[in-house]
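Novice: Model the structure of this input:
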Amino acid sequence: QVQLVESGGGLVQAGDSLRVSCAASGRSFSWLAMGWFRQAAGTERAFVAAISRNGGSTYYADSVKGRFTISRDNAKNTVYLQMNSLKPEDTAVYYCAAGVSPGERRYDYIYWGQGIQVTVSS
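Specialist: This next block holds a predicted model:
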């Protein structure tokens, strides 16, 4: 069993930066691929970014490529999502997920955090 807890969300203005974190516990973190998804009101949960077990490979949705960076610190059992040049359309609940491989599909992941709100005002 793996527990995931997101932190660092909040309200920012367009153009600002924000970093959200996800702390994992319960199982060897370095064996898990990690991903970030987001869900805006009235929409499906969508892939944002993913990172391989050792951090050597990263993947991004086209909508965030060049603005967001996913990283991980296996010594701290934590994955990060650095979000720069934020836009109002980035407003959503952001979810951390853990699985076997760093895929873009929700069912690639086994464990999910509770989500954290990120709101970008114009």
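
Novice: partners of the residue positioned nearest the centre of the chain in the sheet?
Specialist: Closest residue to the average C-alpha location of the chain: W36 at 2.6 Å, with Cα atoms, centre = their mean. Counting by DSSP bridges, W36 is bridged to A49, C96.

Novice: list the contacts for it?
Specialist: V20, C22, V48, A49, A50, I70, V79, L81, Y94, Y95, C96, A97 (Cβ atoms under 8 Å, 6 or more residues apart in numbering). For every residue, glycine as well, the C-beta is placed using N, CA and C.

Novice: How much space separates the residue nearest to the second one when sequence neighbours are not counted from V2?
Specialist: This means C22. Leaving aside its sequence neighbours, C22 sits nearest to C96 (Cβ to Cβ, 6 or more residues apart in numbering; 3.3 Å). Taking Cβ to Cβ, to the nearest Å as the measure, C96 falls 10 Å from V2.
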